[in-house]
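Asks: Fold the following.
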Amino acid sequence: MGEIIPKGIKKTWDAWNIRGVLLFSLSLQALLILVSPYRKATKKSFIMFLVWSGYLLADWAANFAVGLISDSQSDQMSSKFPKNNDLLAFWAPFLLLHLGGPDTITALALEDNELWLRHMLGLISQAAAALYVFAQSLPNGLWMPTMLMFIAGVIKYGERTRALFLASLDRFRDSLLSEPDPGPNYAKLMEEYASKREAKLPTQIIYIPEPDKETKIPDKTLNLNDVEVVQKAYNYFRTFKGLVVDLIFSFKERNESRDFFRQLKPEDALRVVEVELNFIYEVLYTKVQVIQSAIGYIFRALALGAILSSLAVFHYRVKKKGVYHGLDVRITYTLLLGAIALDFIALFMLIFSDWTLATLELIDENDESASARKKNSYSMKSKRWVASIFGVFLKCKNPHWRPSKCMENPKVQHHVLATPILFRRWSGSVSGHNLIRYCLKGGPKTVHDFTGWTRVCVGKIAQCTGIALLLKWFRETVYPKTIKRIIKGFLKPMASKIRDIWKGVSTPVREFVDSIGLTIRRWTARRPWSSWVADKISKSARYVWNLPWNLIDLLGLRDILDSLRYVSIDRFTFELWRFIFTELKQKSDYADDPETAKRISASRGDWILTDSDSNNNERRKLMRYVTDVKYDESLLLWHIATELLYNDDRQKFTSVTPPDQQTNHNSGSGSLPKKEKSDEKWKEWKERDFEEYDYREFSKMLSDYMIYLLIMQPTMMSAVAGIGKIRFRDTCAEAKRFFTRRRLGARDQEKACDQILGVNTDVEPVHVKGDRSKSVLFDACILAKKLKELEKEGKEKKWKLLSRMWVELLSYAAAHCRANTHAQQLSKGGELITFVWLLMAHFGLGEQFQINEGHARAKLVVGK
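Replies: As a prediction, the model looks like this:
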């Protein structure tokens, strides 16, 4: 019997297995150090797949190569490229270096940090394997560069293991705990008090409250430059990083943060929160905690020095002896230069990271107490000079707002976050999932017509190279004269003839099929056994038809395919952030005491309906859709009602036109057209149409976003989701049945919403259907009709109410999701809900602030 694997392939594998795996391992390290920083900046599946596959294959390749080297040392095989034990022993420490991984990724997911003990065991076993390979090669002419590389490899692998240990949630929590606090000595004080009372001395205990607890009212608006943004974010990161592990904070910390953020403009608040979350990401998923310390700098310098020294010694030995095979020498140089290049890339990233700038102790220019001598000292001048250099680099990382037309009405523009991916700190996108569109099997739709940087760059290149002129010439000359004539003269008449033929044939064919079906039904009616056979055949056919989908469900790929097919990704807008910031800031103004702050954070619509603005009596009619239902049911009710009203008002809002189309858009400013002092038409339009249009778009984006979180991010919403997925499936089943009976398809979304609103809902659905099905389709229809009635009666602007309602539903979810789920999303592009979570904490809205009075300083007073 012949061999399964040909001898030629086996010979090639024996000659190239170690060399190939070594180079593959080096290429994976290059891939990870260059690509992994962008997983926080995008939600694209391709980038996530590259990082995921590179992370898993990197450890496998290094471990596999060590085994190959150990196994092949004793073999003396003749091949085209003979192996050399000295070089084999020299290559083994490179794999330790690769197992240490790049600085930009230590953990793929938050759970990987909990496996630090496994990595410690891996460090010990791989170091032992490398020493075993070295011992097998003795006497070794390359012993010195081998030991230098071994030292560098152990340092790098040790850095990774320690970074995982420090980022594990238990260790992270322990590192933030202060010394145990027994409080004032109560027993001693009460003993003294009792002794004085026994001596019949007039004694009393006076309580002195902790000072400086009052909230200061902000009296000015702060304008932060780029350097101040990073340093303020770093200060608040050090204070509030305990949020990740559910630690509690004092009201002094709450008031300081609240006062600061109430003085910020929305765009500056976004920048501070963005940088702060970036610090949290790097602490949990990179080596930054290990490197950003004096010991870290020393060990990093030792590792780099060892690699450079190893290169120098190896070059000297090869040049002097010249006994090693040329290809193996070139591979060794590749490994050495690759290791040096990776270290210099890591050094560049370290120098120009936010951490370097955050640790510069700059004096606050507004601090009048600082002495002039200290301000003008040489060290401070040098630090300011360094900060000015960093300021130029930080300009690139700033949020870039680009005007973008709305898909529904191109005459209206919003500012979308369009920071290039190279400089992003998060994805800057808001995902969405829509129940009505999903049931109609419609594709994803976005609110804004956004052109990405790739298309912009391709367009610029096309203009510079003349390709754009060629395409223009083709569209204006070739297409109308040639292709358009072919379409009009040949294809369209042919399509028309085919349609006519089909119209003539379709009716007889349908009648023939119906007659066959009638004959079969009559035949089976006279033979009872045939109906059983027909039923089995029908079931078998359905099973075969549904087999691919059953296989997809079996493999657990249904949600992945649904997310690719139905989930929309829209760009985050400045207008939406400004609206969310304003709403939370207004709530923060009410939250002067902890009880009110907790009540606001626990509100999921009831605060908007009862405790703000006017018309409370009218709004309270809607309370049953908030307080009398579970949170997941409330989300679905308001989502469907929002979608029904959004499509019902489509004709009204597609005709919204600003009075002045000459728009002056500046980065960070609103999207309003330039205002003229005497423009009364402008004022009327702004107050009526534009604000309502914005509120409508905010409601749409937040509504779809919350359903996306509920259905596509069940882990993140598990604390508040309840039976949300069951309720969603039941509602989809009822909606699909409704649409199927009316033969509505993917393009009939507006018509579908009109027909749902047209259903008679005089009787509550629960009285007709019972409560077995958890569908809320027609309950939401009743809610939409009530909102329409409120607006018709002039008692409420429904879109303003809906947009504020969605901000409150979003903030409730943000405050009640588990903190570690927010941290998990930072490595997947980030989520808007995480920004809201941290902003709420800075505004003092939440249950994290529980240290109220501090130590009550009691004083024992003895009267005369």
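Asks: Look up how far A58 lies from V416.
Replies: Distance of V416 to A58, computed by C-beta to C-beta, to the nearest Å: 36 Å. Glycine gets a C-beta too; all of them are placed from N, C-alpha and C.
Asks: more crowded one of the two?
Replies: V416 (26 against 23; other C-beta atoms under 10 Å).
Asks: Model confidence for the closest residue to that one other than its chain neighbours, exactly?
Replies: Ranked by C-beta to C-beta, 6 or more residues apart in numbering and with sequence neighbours excluded, the top spatial neighbour of V416 is R571, at 3.7 Å. We note a pLDDT of 92 for R571 in this prediction.
Asks: The one 10 residues further on too?
Replies: The model reports F581 with a pLDDT of 96.
Asks: Am I right that it falls within a helix?
Replies: Yes. Assessed by DSSP: H, G, I helix; E, B strand; the rest coil, F581 belongs to a helix.
Asks: Tally up the residues packed near it, please.
Replies: Residues contacting F581 under the criterion other C-beta under 10 Å number 23.
Asks: measure A233 to D748 for me?
Replies: For A233, the distance to D748 - C-beta to C-beta - is 48 Å.
Asks: Revised request: answer the last question for A823.
Replies: From A823 to D748 the distance is 42 Å (C-beta to C-beta).
Asks: who's more crowded, these two?
Replies: Under the neighbour definition other C-beta under 10 Å, A823 and D748 were set side by side, and A823 has more, 23 against 16.
Asks: ok so, going back, tell me the spacing between the residue nearest to V416 and S404.
Replies: According to C-beta to C-beta, R571 stands 7 Å off from S404.
Asks: go on, S703?
Replies: Taken as C-beta to C-beta, the span from S703 to S404 is 20 Å.
Asks: neighbour-wise, which of the two wins?
Replies: A count of neighbours by other C-beta under 10 Å puts S703 above the other of S703 and S404, at 28 against 24.
Asks: Give me the spatial nearest neighbour of that one, chain neighbours excluded.
Replies: Using C-beta to C-beta, 6+ apart, the closest residue to S703 is T642 (4.2 Å).
Asks: residue ranges of the strands in the stretch 451-600 of the chain, please?
Replies: Here the stretch 451-600 of the chain has its strands, by DSSP state E, counting those that start in this stretch, at 568-571.
Asks: Quick check: which ranges of the stretch 351-500 of the chain have low pLDDT?
Replies: Counting by pLDDT under 70, the stretch 351-500 of the chain has low-confidence residues at 361-384, 452-460, 462-463, 468, 473-476, 478-481, 483-489, 491.
Asks: Also the stretch 551-700 of the chain?
Replies: Those would be 611-618, 655-689, if you go by pLDDT under 70 across the stretch 551-700 of the chain.
Asks: all helices for it, in order.
Replies: Ranges of helices in the stretch 551-700 of the chain, per DSSP state H, counting those that start in this stretch, are 558-566, 574-590, 594-601, 606-610, 616-619, 631-648, 650-653, 680-685, 691-712.
Asks: helix, strand or coil for the nearest residue to G829 once chain neighbours are set aside?
Replies: Of all residues not flanking G829 in the chain, S427 sits nearest, at 3.5 Å (C-beta to C-beta, 6+ apart). Counting by three-state DSSP, the backbone at S427 sits in coil.
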